[in-house]
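> Based on what follows, work out the 3D shape:
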Amino acid sequence: MLSCLKKGEIVDKTDTGRQPPRGLQRLLWRAPIWLYRVGLGRLLGKRLMLLTHTGRKSGQPRQAVVEVAKFDPAANTYRVASGFGAKSDWYRNVCTTPRVTIQVGNRRMQAEAHPLSPAESGAAMVDYAHHNPSLARALAKVIGYQVDGTDEDYRQVAEQHIPFVDFRVL
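Residues are numbered from 1 along each chain as shown. Coordinates of the predicted model:
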């Protein structure tokens, strides 16, 4: 079961999911950060979010661009999936220090991260798959899993491998 790691716990690197990108591939994945930095975040629309969080070891500001799986205007909450699982640096960092800054388009906001339980992540993945079937299938593939398209299959993959986080605007 996925959840935030406790201090001193080590990430299980033996799971069959894909590892976060390294080297040149990492630079390409991080390229959208530069669009935000030069003031062109609006070009990325409302589907992507710049997440500025605190490094759990360094204490320094870190950034990642993540996909917004769902925006709930009533709760002013942005839901995000950690596509590389609990081993993702940004996920581990927000579990340690939940206060973050998010930027969607050109709008910067202070927020607090609330990791979902495995069951909640499973339900979130099913909801995401209903609204974005091709993207849900691609997300599962990126982390190394084939899904059959059923709700139960999406639920199981997320409960075991794809934690979701709600970022509540303060």
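> And Leu116, how far from Ser82?
In this view, Leu116 and Ser82 are 10 Å apart by CB to CB, to the nearest Å. Using the backbone N, CA and C atoms, a C-beta is placed for each residue, glycine as well.
> Show me whatever sits in contact with both of the two.
Here Leu116 and Ser82 have 163-165 as joint contacts, going by CB atoms under 8 Å, 6 or more residues apart in numbering.
> Need the pLDDT of Gly59.
Reported pLDDT at Gly59 in the predicted model: 96.
> ditto for Arg62
Per-residue confidence for Arg62 comes out at a pLDDT of 96.
> swap in His161?
So His161 comes in at 89 (pLDDT).
> One more: His53?
98.
> What pLDDT does the model give Gly83?
Gly83 is given a pLDDT of 84.
> just to revisit the earlier point, adding secondary structure, neighbour count and distance to Leu51 as columns, could you present the shared contacts of Leu116 and Ser82 in JSON lines?
JSON lines is the format used below for those (DSSP: H, G, I helix; E, B strand; the rest coil; neighbours: other CB atoms under 10 Å; distance: CB to CB, whole Å):
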{"residue": "Pro163", "secondary structure": "coil", "neighbour count": "27", "distance to Leu51": "14"}
{"residue": "Phe164", "secondary structure": "strand", "neighbour count": "26", "distance to Leu51": "14"}
{"residue": "Val165", "secondary structure": "strand", "neighbour count": "25", "distance to Leu51": "9"}
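> What is the nearest of the residues you listed to Arg22?
Of all the shared contacts of Leu116 and Ser82, Arg22 sits closest to Pro163, with 20.9 Å by CB to CB.
> gap between Asp166 and Leu116?
From Asp166 to Leu116 the distance is 7 Å (CB to CB).
> so what does the strand ranked longest in the chain touch, helix or strand wise?
The single longest strand within the chain, with elements called by DSSP state E, is strand 61-72. In terms of contacts (3 or more CB pairs under 8 Å, 6 or more residues apart in numbering; DSSP states H and E), strand 61-72 is packed against helix 23-37, strand 48-54, strand 77-81, helix 89-96, helix 118-131.
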